[in-house]
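1. any chance you can model this:
(chains A, B, C, D, E and F)
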6 protein chains.
Amino acid sequence: MADDALFAPTESVLRGDTADVYFHRTKEILAAAEVNPIVTMEVFAGRDGMLCGMREVRALLERVCSPDAMIESLADGDTILRKEVALRIRDRYQSFCLYETAYLGYLSSGTGWATAARAAVMAADGMPVIAFGARHIHPNAVGAMEYAAIVGGCQACASVIGAAMAGLPPSGTMPHSLVLVLGDTVRAARLFHEVIDPKVNRVVLVDTFHDEIEEALRVGEALGDDLWGVRLDTPSERGGVTPELVRETRARLDGAGLGHVKIVISGGLSVERIARFRAEGAPVDVFGVGSAISAAPAIDFTADIKEIAGRSVAKRGRIPGITPTTRLTRWEQTAGG
Amino acid sequence: MADDALFAPTESVLRGDTADVYFHRTKEILAAAEVNPIVTMEVFAGRDGMLCGMREVRALLERVCSPDAMIESLADGDTILRKEVALRIRDRYQSFCLYETAYLGYLSSGTGWATAARAAVMAADGMPVIAFGARHIHPNAVGAMEYAAIVGGCQACASVIGAAMAGLPPSGTMPHSLVLVLGDTVRAARLFHEVIDPKVNRVVLVDTFHDEIEEALRVGEALGDDLWGVRLDTPSERGGVTPELVRETRARLDGAGLGHVKIVISGGLSVERIARFRAEGAPVDVFGVGSAISAAPAIDFTADIKEIAGRSVAKRGRIPGITPTTRLTRWEQTAGG
Amino acid sequence: MADDALFAPTESVLRGDTADVYFHRTKEILAAAEVNPIVTMEVFAGRDGMLCGMREVRALLERVCSPDAMIESLADGDTILRKEVALRIRDRYQSFCLYETAYLGYLSSGTGWATAARAAVMAADGMPVIAFGARHIHPNAVGAMEYAAIVGGCQACASVIGAAMAGLPPSGTMPHSLVLVLGDTVRAARLFHEVIDPKVNRVVLVDTFHDEIEEALRVGEALGDDLWGVRLDTPSERGGVTPELVRETRARLDGAGLGHVKIVISGGLSVERIARFRAEGAPVDVFGVGSAISAAPAIDFTADIKEIAGRSVAKRGRIPGITPTTRLTRWEQTAGG
Amino acid sequence: MADDALFAPTESVLRGDTADVYFHRTKEILAAAEVNPIVTMEVFAGRDGMLCGMREVRALLERVCSPDAMIESLADGDTILRKEVALRIRDRYQSFCLYETAYLGYLSSGTGWATAARAAVMAADGMPVIAFGARHIHPNAVGAMEYAAIVGGCQACASVIGAAMAGLPPSGTMPHSLVLVLGDTVRAARLFHEVIDPKVNRVVLVDTFHDEIEEALRVGEALGDDLWGVRLDTPSERGGVTPELVRETRARLDGAGLGHVKIVISGGLSVERIARFRAEGAPVDVFGVGSAISAAPAIDFTADIKEIAGRSVAKRGRIPGITPTTRLTRWEQTAGG
Amino acid sequence: MADDALFAPTESVLRGDTADVYFHRTKEILAAAEVNPIVTMEVFAGRDGMLCGMREVRALLERVCSPDAMIESLADGDTILRKEVALRIRDRYQSFCLYETAYLGYLSSGTGWATAARAAVMAADGMPVIAFGARHIHPNAVGAMEYAAIVGGCQACASVIGAAMAGLPPSGTMPHSLVLVLGDTVRAARLFHEVIDPKVNRVVLVDTFHDEIEEALRVGEALGDDLWGVRLDTPSERGGVTPELVRETRARLDGAGLGHVKIVISGGLSVERIARFRAEGAPVDVFGVGSAISAAPAIDFTADIKEIAGRSVAKRGRIPGITPTTRLTRWEQTAGG
Amino acid sequence: MADDALFAPTESVLRGDTADVYFHRTKEILAAAEVNPIVTMEVFAGRDGMLCGMREVRALLERVCSPDAMIESLADGDTILRKEVALRIRDRYQSFCLYETAYLGYLSSGTGWATAARAAVMAADGMPVIAFGARHIHPNAVGAMEYAAIVGGCQACASVIGAAMAGLPPSGTMPHSLVLVLGDTVRAARLFHEVIDPKVNRVVLVDTFHDEIEEALRVGEALGDDLWGVRLDTPSERGGVTPELVRETRARLDGAGLGHVKIVISGGLSVERIARFRAEGAPVDVFGVGSAISAAPAIDFTADIKEIAGRSVAKRGRIPGITPTTRLTRWEQTAGG
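-> Residues are numbered from 1 along each chain as shown, chains lettered A, B, ... in the order given. Predicted coordinates for the structure are as follows:
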């Protein structure tokens, strides 16, 4: 299991630096007015999706809520419906009012990523998907994003921190820069094989210098049975990776006695493109997916006060009172963690 | 000017935890093979936009590159074209290969946010836009996002950390929860006015319990000239904020002698909706914009090796050699910072 | 049963003032030429629909046709197909040639309205629909329009004359002007309750001054069990009536022990909007429908001579001779009415 | 000038039979409560258009309002903008509250028809348009509809009553039934010429039995210089009237020395079809337009109370107080007419 | 069976005049280099369709290939799938390299025509289709086009050469010019009946001078039982042939005791229009189809070398080696024909 | 100038084998009836275009018409408008009635091809276009098609016969099969250079075995200044030819000192794709266009009799009499050829 510390809030979050300033003012006003009722807050999403971010929310709320707070929630990986309650907090309001920005943010981003990963995994229809999108988002969010991708069903992810959060080894092949710096794909393949821990699969990127299939055959000849797979990442300037290219690669590898070599593809793979590869029967073994997950739009979460000091309330537009639901699980230990 | 420390890379980034694992392996292989040429890397965007994230990139590269590295770039706030070089790094490749994931990520997210903010600011056509989207993204990225919103032209932002990075005071009104907990909008307004620093504008949220305009008039009567503005955030269940609502609010405020009270609007404002408010002449004074900025898709950046040891190279699909450009500025001090 | 006099042709119609002038000339020419054969005229619609207007047609033709004319037709409320014969007149041609404009007009307008009402009633899927569209059409046609709405399945209508034609009491709530003139919704509700015949349901309009739900709760408190329902007619400037507003109103009424109070909605309800309320499960009790019925396009009817003096004829484009059909019913008394 | 009596309200309208029943109840309540303030009511349209129906409104209000009422309005034939005030009534409210349904109805229907007629006339771009749609609407509304068509720019209309309201002679050619009953187009043309007042133009319908152009040539031979025009009304089953048919008819008439014979077309002419005839240069002399005018959707009018006893008011969603405008003309004599 | 000579290649084809010049050069180079391996060429289509042109291909290849060539193919009238092998040639390459342009051309055009004919025949759903499109293509291709139309399922074709290739008598009615030159449709019909071989069906074109149905009835009266059918070819200027026109023609013919007279229609019939006639139940007896077949786009065929001297090969983008298939039939006699 | 014999009608055309059979019957009937008036026939197109096929029409009509026939026409390469007269024949009708199918066919196909070629040439905007589509149509039509392509503005064509008709040398590079049979692109290039007439430009196809650019560089090294150009024909399975590929090829050729080597592209080039290459500034030197020309839809031509024995006539739907035009040129010698 992954290390809890990786899910802990940063000092900045704990100080409220990442909060909207009006929550600081709210706390200041309520303190001055000596108003601090027990409040029940319900949190829900604006679209259907796969929940993620709750583990970080829990690590935060367990640090800040009162010892006798009552908190219930769904868990990372649960499917949620639009407007369904995913988190309910019952505590003195001043204890947690400063953290609304943060807990909504963890859930909005996390659920957006996990839901997008889920869609990619469904489109891949049984073939493994690996999250390759770290380069497309701010590094401070890389770990949470790749953890969410795993929650959404990806088999692995590329960054060290994401993999650690998910309790898995990181996964990777080789970048174009390695091949360029070494000047030849076969040389890069051989050095990789010599230097890198044998437990890592040998997957060689084959589109850097020459025709993809030529290179695949050269690498196959060089590494033989040690070659686990080749990666096709043909740039869009050269037509991108297509089902026909994968089919031809498979046929030519098989024709050269390299039937054991798997085909990994990457490069701008959207849900629609993954589905087309599957629908056309292209023999892809692994899909590497980047911005289709990392740049997925957040799923907005909203927090509504539904009860104050035992009385049902709501702002205009919302139904007052606790929303009936049987899916929430009560957190056993809510404070002092 | 904002504090440089706020732009510094985290320890996790410096350790390479947020890097794709294949860069660790690349470095290991090159070290084993004793290959460490001077490499020129060029970084460009996949779409037109407004550059952001470069200040964080610089804080990182100045920490990790060699003392004699030569780095040139555009700056935060510069407009960039698709495929235009925004950053060029010339250094021993092992010095910086581990950080490709991070510097692309800073730029991809930052430029996506700043570009979206720019579009909202253009749509607002001279009226101020304030970034209100902290709640829609992971808290670890809140500061960078709101700083990018300011770079894109927003007048202010809501989070403490974003404001600090931008060197501005944070901006906020009041949340629904304050009104709900205090039980009455006028009471909330009065307490805000008593408790909060007089330098903060008094902007009261008026849609929590009653008809927006009724409340605005009640608050106006209570605070009189001290009331700077009212915020309309009507939920979609009640039709959202519309140009007609703003126009009626203005007319009724004016009719009650409250011509000085400004109107701030928020709630799912997209570029299209902002433009419609302006086109229909709705008398909005301030636009509060959330996920139109915070959930803007990243703009992917790509890093290409274009020269190795003085020789022009490129992977298939790219033009070998240094790309001619006169817009880049050379960094004066590139290491030892 | 409704009073036959309400369906009688006006003097203007009987004089032929509303006829196309070329029918006056046709009659003049045929009289001069002493040509007056027995002619069979068939009348059919250009679209599928629900027939209405036939009762007025009958009241006209029974006044003008020869005693030995043979007339057959379908009846108000029958569904008709495109090009299906709805009326067949066999008489000396000079007897009825002047009235072609009128009988086509009764059927075109009436069938247009009834067909539109039918569509609204189908969309409401079991919940009552009331015709509220009198204000959207010329007052001389109000009675016929609202009678057609009842034929199409509406439960009631708003005008005195339409209700009389349909043999029902008229139905209404209260206009915004009553509330405005009395200055307060609760005052209007109380006066209505004191003054108006107790057999009339107490339905109070609640969107004039304040938030709809606030007003509903105030009125509920004031009238208690005597309150039959509230009407929501939120203007489009305030977002119109939405399924969410209805749902919240229901919840808040129930929460205040006003579960018996029904919800009537109105304001630009089209068939599509009615269907959406039903599909989303909004707890609407009564739909008030205006221009979706009153401004429905007429369904054009056409009259074709198919037989002259026992010989099959037709103009180019039509099939000569009597069209086979078994659905028509022969009028028992065709003249001297 | 047309006879004022043709614009007078019917007894049914004066009794309030065509009113929504809630206005009867409103009057009953206000009378019981002895509330009868001077109220200013403003009436405006929901879409841009050409105003019509005001003459009937005036004939009504002059009968029912107080002698000292102050009424201002625009006039039939004025263009109006969406939400522009077209009528303003200032009177004791009980005097006119019963007639809101009627005056809105006159304006809604009348303006809908005139606006549609205007569009057809604009499309005809200088060639005359004649209103032929009496058969497509309820006979009680025929006069008002055809009067509105003339207001909208039509050169003539077909019904006796519409023409009387517009102060013009009615216009017509001959129906298919005349030709069918007489058995031959040339015989119908000859008898028309013998019997009908010589002041009426001889326009012969030529598509009943044979090819349109053959018939046109036969009729031209028979009537020679006495033939004013031919009407093409080819049914849709035979392809309808097309620009090519008109062009060929013109060429063949000219080729037969019948250059003086005009071409009138009719049959489902929409604004789009009229525009196409003009754009393709088809030599049409007169357009006969039916349901494009008579079945035009009404333009909804709304009445808003804006002042009560000198105090600005409005319901939610509207701006309180008198709307500034300089276009209205005050009625000189508002009662006792 | 049709005469083989009609399928023989022209002298121009045999000389290679119609070949792309680069095949002449290829042969010259290979001869100079003394390279002439046994090559296996596979030919496939770019879209699904109905194969045609193979009989001409066979007549060509049997003239030019080596006696021991091995050739397999599908046959005219076989359905083929995209990328399915339709022809496989195994021979010394110099024997047949010059003819690639020609054999691809026969198949591309022929399959395009047969596939389009098939679609028209399917749309006609059991009613006969006759190919009338000779006038829309270059006369040198008329025979092959009409033969392909018959392969695609047409019952007959209009040209002498096409009919000869298909082994059928040619089919035709009469052109407008015959009627125009003789000056009267009935005269044309009578002369046709007197002069033309009684085995030819009497089908008279009836839209030249007068209304189609009038003429049909006159011709029916003139020829009585000898009249087999009438052809409707109404020009688009007069609305073209419509389902309603066919229905009226049928009704009026039947009403005149001409129930035995069939209705043939023509004039710009596309697959969509044929399907509409059938869907609306129009009683068409024969469809005459022109450019829907003759101007159908060719279906491109491609020839790929898959084996050279027993070794699997392919150009980039194609799978090397013989494609597995069981549908091909080996030609019994491949040379010396 | 090209050889007249190449435009002569085939024996089959002269015998009337390619004619619609009803023209044979028409001639038989008219001969039997001894009807042979002087007829004026006008021929026009259904769409705007560039005329082609007239030279073949002239070669036919000069063989068959009477010595005193009067024939006027436009010429190959003239632009024509929809319905504009392109050919007018005045002769005894029996002389030419049999050839209507043929002369319409020459014009329909020829004008379709020339018009499509024109569109491709316009899209190429000054860069040369070569017709490569012989393989996509029946070989009997190859010559006429490629001649039409030249008339439409192509600089050259690929077939021997098309080039002969146009009076130009044929143009070609090398097929994939040459490279495949020789087993290496450089070997094919070298042999081509040794064997083929030095007047032929050396253009080498470079996508058969390896990456296009690698091969281009290898071939450039092998042939040096003798290499005129390379052809890119990348299959769609590999992304087809794209503007980016052309740009990269240019850059890498230039980088290798091969700035003189031109780039020819081919493979499914439509007008839209050509325009995109130009719009994006891709440095293409020659476009090879196939089915965009050869599979262009024919432009239907129609022949109308407009005068018989000096009397204006026309069938229904057309204007009788000679159409005024000043563009036609009278043929000097119309018979006895």
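
2. show me where chain A has strands.
-> In chain A, the strands defined using DSSP state E lie at A:38-45, A:49-50, A:70-73, A:79-80, A:85-92, A:129-131, A:156-157, A:203-205, A:229-232, A:262-265, A:286-289, A:301-308, A:311-312, A:329-330.

3. looking at the ones you listed, which is closest to chain D?
-> The closest of the strands of chain A to chain D is strand A:301-308. By CB to the nearest CB, the value is 24.6 Å. C-betas here are computed from N, CA, C, even on glycine.

4. between the strands of chain A, which one is nearest to D:Ala31?
-> Nearest of the strands of chain A to D:Ala31, taken as CB to CB: strand A:311-312 at 42.9 Å.

5. most tightly packed of the strands of chain A?
-> Stretch with highest mean neighbour count among the strands of chain A: strand A:156-157 (a mean of 28; mean count of other CB atoms under 10 Å in any protein chain shown).

6. so which elements touch that strand?
-> On a contact count with 3 or more CB pairs under 8 Å, 6 or more residues apart in numbering or on different chains; DSSP states H and E, strand A:156-157 meets strand A:129-131, helix A:142-151, helix A:160-166.

7. pLDDT (mean, whole number) over the shortest one?
-> Right, the one you point to is strand A:129-131. Mean pLDDT, strand A:129-131: 98.

8. just list what it packs against, helices and strands only.
-> Counting contacts by 3+ CB pairs under 8 Å, 6+ apart, strand A:129-131 is packed against helix A:100-124, helix A:142-151, strand A:156-157, strand A:286-289.

9. save these as TSV, and put in mean pLDDT and distance to D:His24 too.
-> Compiled in TSV, the helices and strands packed on strand A:129-131 are given as follows (pLDDT from 0 to 100; distance: least, CB to CB, whole Å):
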stretch	mean pLDDT	distance to D:His24
helix A:100-124	98	54
helix A:142-151	98	64
strand A:156-157	98	73
strand A:286-289	98	69
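
10. tell me the most buried of those?
-> Neighbour counts (mean count of other CB under 10 Å) averaged over each of these peak at helix A:142-151, with a mean of 31.

11. pick out the residue of chain A closest to chain F.
-> Residue nearest to chain F within chain A: A:Gly239 (1.2 Å; CB to the nearest CB).

12. got the residues of chain A near chain E?
-> A:211, A:213, A:244, A:247-248, A:251-252, A:255 (CB under 8 Å from any CB of the partner chain).

13. next up, the contacts around the residue in the stretch 101-250 of chain A positioned nearest to chain C.
-> Nearest to chain C, among the residues of the stretch 101-250 of chain A, is A:Leu104, at 21.0 Å (CB to the nearest CB). Residues near A:Leu104 by CB atoms under 8 Å, 6 or more residues apart in numbering or on different chains: A:43, A:301-303, B:135-136.

14. same check on A:Arg247?
-> A:281-283, E:319.

15. how near is it to B:Pro283?
-> 61 Å (CB to CB, to the nearest Å).

16. ok, A:Ala45 next?
-> To B:Pro283, A:Ala45 is 34 Å away according to CB to CB.

17. could you give the average pLDDT over stretch A:212-226?
-> 97.

18. buried residues in that stretch?
-> Residues of stretch A:212-226 classed as buried under the neighbour-count rule (16 or more other CB atoms under 10 Å in any protein chain shown) are A:212-220, A:222-223.

19. let's see which of those end up in helices.
-> Counted as lying in helices by DSSP state H, out of these, are A:212-220, A:222-223.

20. and which of the residues you listed is nearest to F:Ala19?
-> Using CB to CB, A:Ile213 comes nearest to F:Ala19 of those, at 54.6 Å.

21. OK, contacts around the closest one?
-> Going by CB under 8 Å, 6+ apart, A:Ile213 touches A:206, A:248-249, A:252, E:316.

22. same thing with A:Ala282?
-> A:243-244, A:246-247.

23. so what's it closest to, chain neighbours aside?
-> Once flanking residues are discounted, A:Ala282 sits nearest to A:Pro243: 3.6 Å by CB to CB, 6 or more residues apart in numbering or on different chains.

24. now do the contacts for A:Asp78.
-> When contacts are counted by CB under 8 Å, 6+ apart, A:Asp78 touches A:50-51, A:86, A:327.
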